[in-house]
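A.B. asks: model the following, please.
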Amino acid sequence: MAENISRRSLLAAGAGAAAGLVIPGAAAQAGGHHDHPTTVRFVLNAVTLDGGEQVVSLTLDASRLGPIDPASLTTGTFAVHAKATSPIPIAPGDQIFSEYDLDRPVTAARLDRHGNIVLDLSYAEGQVGGGTLGYIVSRGRNVRLDLVYTITQNAPLRRRHGGPVTISRFVQGRLVNPEVDAFSYHTGGGLKYRLFSPHHSRRHSPLIVWLHGGGEGASLPDNYYDNETTLRANRGALGFATPSAQKIFSGAYVVAPQSTSYWIEDGPRFAPQIRQIINDLVRRHPIDRDRIYVAGCSNGGYMSLEMTVLYPQLFAASVPICGVVEPFVPGGPPLVPDEALAKISTPTWLVASLDDDTVNPQRNTIHAHDLIPGAKMSLYEHVIWNGHQFPGHWSWIYVARNDPSINGTHIWQWMAHQRRR
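C.D. replies: Numbers count the residues shown, from 1 in each chain. Next up is the predicted model:
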């Protein structure tokens, strides 16, 4: 299958090409002979953690170097510097979180099964200096940072058969994230979207629609519409594409549309666009019309509810996470009126954390649960996963990990058993 590379990836690769570094004394002597100058390309390997995507290692293409003696690789053989800057000009007085310009500690240096050099980098939830996204305060948007990695070789490598080798120039390649890259790029209904297709598609496969939070929409005034942040800011959509989820759903399509702004701006306008994407997918792929599910977080939690209000017979189940139903503007009308909530007939499981200080759980999730007939609800005290405490608003982490359960039934299993009524 042809590989899809976004405009943002090309820009990152272009910036990386300038990251080449010439090492003094690169023509190192070996047995009385001089090595030819050697250029090595490298890629950035990333993983989407619960708190967002981070670059976790670099892979250097060692095919031109000859077999490398692994004993010559140590954490001190190479040094790595990373610089991340906004792709959008930041206005005076504005602020962007997560730009950085720093050295990244190398925690291990090894050879992979292809003989390429892998430099593992220090990373962790909440650790500064590895993220691929920045949050622009005035825009309320996550943007994909321009990343420039610089590698310095501190000691020669040894070949298994031959003399030492010093790399004369490093050229940065693309960002590689297998989970994200498994989602193909598309446009439909006036929106961009990403699509995961099951590896073994059955005649009638379910479809899971993931609706992102407010920070993952486009910023059209800045001509920024990347179709990337929906999969890189959190694991909301990715969770449903994991082998464990795919087993539970017996192979499911997962679609992640990207708003041109944010869903709450005009839900009734966006709803037909999302519906058009669903219709297109049902027409093109073997999708079971009775097993279409919708889930979303924050802005997307609102949009999940809005979709079940406007299309009461479309979905088999709905999972609104920390969704908004109260007035978006003080004194304004509620985003989802009480009478609309009371008429929702789609099986609904709401999720939130009681320490959410962004979307009040009492006035939104709990209020909606009390009105939606037969609705289920999971309320957490805090958002904690693998020992790390996240902001209380980030309760989507639990759904992405299939953690919510009622009477022994977890939320993915519950979804997978629902059929359109």
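A.B. asks: ends of stretch 275-294, how far apart?
C.D. replies: By C-alpha to C-alpha, to the nearest Å, the extent of stretch 275-294 from end to end equals 11 Å.
A.B. asks: in that stretch, what counts as buried?
C.D. replies: For stretch 275-294, burial by neighbour count (16 or more other C-beta atoms under 10 Å) applies to 275, 277, 278, 281, 287, 288, 291, 292, 293, 294. Backbone N, C-alpha and C define where each C-beta goes, glycine included.
A.B. asks: likewise for stretch 196-214?
C.D. replies: Residues 196-198, 205-214 are the ones in stretch 196-214 that count as buried (16+ other C-beta under 10 Å).
A.B. asks: and what of stretch 348-355?
C.D. replies: Across stretch 348-355, burial judged by 16+ other C-beta under 10 Å covers 348, 349, 350, 351, 352, 353.
A.B. asks: just list whatever residues bridge to the second one.
C.D. replies: Under the criterion DSSP bridges, residue 349 forms beta bridges with residue 376.
A.B. asks: which helix in this protein runs the most residues?
C.D. replies: In the chain, with assignment by DSSP state H, the single longest helix is helix 267-284.
A.B. asks: can you give the distance of whatever helix or strand comes next after that one from its chain's centre?
C.D. replies: Using DSSP states H and E, the helix or strand that follows helix 267-284 in sequence is strand 287-297. The chain centroid and the centroid of strand 287-297 are separated by 20 Å under C-alpha atoms, centre = their mean, to the nearest Å.
A.B. asks: span of stretch 339-359 from start to end?
C.D. replies: 21 Å.
A.B. asks: same question but for stretch 237-254, I mixed them up
C.D. replies: End to end - C-alpha to C-alpha - stretch 237-254 spans 7 Å.
A.B. asks: which residues does it contact?
C.D. replies: Residues outside stretch 237-254 that contact it (C-beta atoms under 8 Å, 6 or more residues apart in numbering): 48, 179-180, 182-183, 194-202, 205-208, 210, 212, 230-231, 256, 281, 285, 287, 295, 399-402, 412-413, 415-416.
A.B. asks: check stretch 407-421 too.
C.D. replies: By C-beta under 8 Å, 6+ apart, stretch 407-421 touches 206, 208, 240, 245, 248-250, 289-293, 295, 313-317, 319, 345-347, 349, 351, 376, 378, 399, 402-406.
A.B. asks: only whichever of those residues are buried, select them in ChimeraX.
C.D. replies: Buried residues within the contacts of stretch 407-421, by 16+ other C-beta under 10 Å, are selected in ChimeraX with:
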select :206,208,240,245,248,249,291,292,293,295,314,315,316,317,319,346,347,349,351,376,378,399,402,403,404
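A.B. asks: mark which of the contacts of stretch 407-421 are part of strands, please.
C.D. replies: 206, 208, 289-293, 295, 317, 319, 349, 351, 376, 378, 405-406 (DSSP state E).
A.B. asks: and those, which is closest to residue 119?
C.D. replies: residue 208 (35.7 Å; C-beta to C-beta).
A.B. asks: looking at residue 200 now. What's its pLDDT?
C.D. replies: At residue 200, the pLDDT value in this model is 78.
A.B. asks: gap between the nearest residue in space to it that is not next to it in sequence and residue 203?
C.D. replies: Ranked by C-beta to C-beta, 6 or more residues apart in numbering and with sequence neighbours excluded, the top spatial neighbour of residue 200 is residue 251, at 5.6 Å. Note on residue 251: its distance to residue 203, by C-beta to C-beta, to the nearest Å, is 11 Å.
A.B. asks: isn't residue 183 right next to residue 196, touching?
C.D. replies: Yes - if you go by C-beta atoms under 8 Å, residue 183 and residue 196 touch, sitting 4.9 Å apart.
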